[in-house]
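1. What follows is a predicted protein model with its sequence.
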Amino acid sequence: MVVVMLPGATPEDVSHVVERVEAVGGEAFVSVGVDRTIIGLVGDIDSFHHLNLRAMRGVAAVYRISVPYKLVSRQHHPDRSTVWVGRPGRQVPIGPATFTFIAGPCAVESPDQTLEAATMARAAGATVLRGGAFKPRTSPYAFQGLGVRGLEILAAVGQSLGLPVVTEVVDPRDVEVVCEHADMLQVGSASMGNSGLLEAVGEAGKPVLLKRGMTATIEEWLMAAEYVAQRGNLEIVLCERGIRTFEPTTRNTLDVSAVPIAQIESHLPVVVDPSHASGRRDLVVPLSRAAIAAGADGLMVDVHPDPEVALCDGPQSLHGPELRALAQAVRQLPPMMGRKPAEPTTVTP
């Protein structure tokens, strides 16, 4: 069961609902969004029905949700959500009315490389900078990232170019330090099932980019988002980045159908990462076009000034002609889908 509070509900109104639920042995999980607060209830449904929660001050509606992902479901939230990334007063929207281009180096290697990649990304139309400081790799001998030094470089470059920053966190113990430098926390595909990490980023108070696990069903993906939401954070963006199939030609198989399905089942924005889906530079632009046509709310793409010497994922990183082709697609195709480019706004939502 889910309680949706009115936009003007006070913290006291929320507390009264929580107290009434806990008085009958239930649990209440408060999730705060940009324009509404939602309380997820766990316990005996019959007991909750007798509480007359609909009549309480500040309550807009009470829903009995049939799907297991109650807070991120569209059953109680028919309008799709917009997530704002950046500092209050200058934020970039990710949602149904706009198209958001996120780009940057897969891994932060040095200040010069990061600045050059970020400058290329911004020139191509990106309004959010991505970059990895902590890099979970298949091989323990591969480049694992610069850690905190990488965070410092990424934050400095983002600030110098006026771009909010999204970067991955892989350990709950690192959430605090990543929050100090990033505007958005990324949970990678390898970490999607890490409930401790999901809970930690849910409590951190930053927007979250949640990548689909390479073997995860759409329901499992949405249940991972529910872990984040249950800890008080509804500012979640889903990212389809390809799933593992029998086909060896590409690194993964981009599940384009996951974009509209996730948007039907959940109110959360959905973006696509064609770089990690394919692992091939020559496929990034075609897959990006497919993602835009499928209704994706944005793209996240790897950019590198010299992919041949990249320490991480050089074969999929764009530069030169491929990046120019992608920039053209990002300019031309979203307006055909009724979307405008997601630009930073000086108005706090």
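-> It's in.
2. Nearest to the spatial middle of the chain, which residue is it?
-> The residue lying closest to the centre of the chain (C-alpha atoms, centre = their mean) is Leu209, at 2.1 Å.
3. so it makes contact with Glu235?
-> No. Contact between Leu209 and Glu235 fails when scored by C-beta atoms under 8 Å: they sit 10.1 Å apart. C-beta here means a position set from N, CA and C on the backbone, and glycine is covered the same way.
4. one step back: mind checking what secondary structure the residue nearest to the centre of the chain has?
-> Judged by DSSP: H, G, I helix; E, B strand; the rest coil, the three-state class of Leu209 is strand.
5. quick one: pLDDT of it?
-> In this model, Leu209 is scored at 98, pLDDT.
6. which stretch of helix or strand covers the nearest residue to it once chain neighbours are set aside?
-> Residue nearest to Leu209 in three dimensions, not counting chain neighbours: Gln186, with 4.4 Å by C-beta to C-beta, 6 or more residues apart in numbering. Gln186 is part of strand 184-187 when elements are defined by DSSP states H and E.
7. helices or strands up against the next helix or strand after that strand?
-> Tracing the chain past strand 184-187, the next element assigned as helix or strand by DSSP H and E is helix 195-202. Using 3 or more C-beta pairs under 8 Å, 6 or more residues apart in numbering; DSSP states H and E, the elements in contact with helix 195-202 are helix 175-181, strand 184-187, helix 218-230.
8. Compute the inter-axis angle for helix 195-202 and helix 218-230.
-> 50 degrees (axes from the mean of the first three to the mean of the last three C-alpha atoms, to 10 degrees).
9. Poorly predicted segments of the chain, please.
-> 137-138, 141, 346-349 (pLDDT under 70).
10. ok, now which ones touch the most far-flung residue of it relative to its centre?
-> No residue in the chain sits farther from the centre than His50, which is 37.3 Å out by C-alpha atoms, centre = their mean. Counting by C-beta atoms under 8 Å, 6 or more residues apart in numbering, His50 touches Val24.
11. about what we covered before: please indicate which of the helices and strands packed on helix 195-202 has the most neighbours on average?
-> Mean neighbour counts were compared across these using mean count of other C-beta atoms under 10 Å; the top stretch is strand 184-187, at a mean of 26.
12. Okay, now the sheet partners of that one, with direction.
-> Note on strand 184-187: by DSSP bridges, its sheet partners are strand 165-168 (parallel), strand 208-211 (parallel).
13. Figure out which of these is closest to Val21.
-> strand 208-211 (25.6 Å; C-beta to C-beta).
14. quick one on the thing from earlier: so how far is His16 from the residue farthest from the centre of the chain?
-> Using C-beta to C-beta, to the nearest Å, His50 is found at 16 Å from His16.
15. and what of Thr217?
-> Distance from Thr217 to His16, by C-beta to C-beta: 38 Å.
16. and the two? which has more neighbours close in?
-> His16 (17 against 12; other C-beta atoms under 10 Å).
17. Isn't the more buried one up against Met56?
-> Yes. Shown here, His16 and Met56 form a contact pair, counting by C-beta under 8 Å, at 6.3 Å.
18. Secondary structure element for Ala156, which one?
-> helix 148-161.
19. contacting residues around that helix?
-> 107-108, 110-111, 114-115, 118-119, 122, 129, 131-134, 146, 163-165, 167, 177-178, 180-183.
20. Buried members of those residues into ChimeraX, please.
-> Filtering the contacts of helix 148-161 down to the buried ones (16 or more other C-beta atoms under 10 Å) takes a single ChimeraX command:
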select :107,108,114,115,118,122,129,131,132,133,134,146,163,164,165,167,178,181,182,183
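21. tally of neighbours for Asp282?
-> 10.
22. do the one 10 residues further on as well
-> Applying other C-beta under 10 Å, we find 23 residues neighbouring Ile292.
23. you'd agree it is up against Phe101?
-> No. With contact defined as C-beta under 8 Å, Ile292 does not reach Phe101; the gap is 10.3 Å.
24. Give me the common contacts of these two.
-> Joint contacts of Ile292 and Phe101 (C-beta under 8 Å, 6+ apart) are Leu299, Val330.
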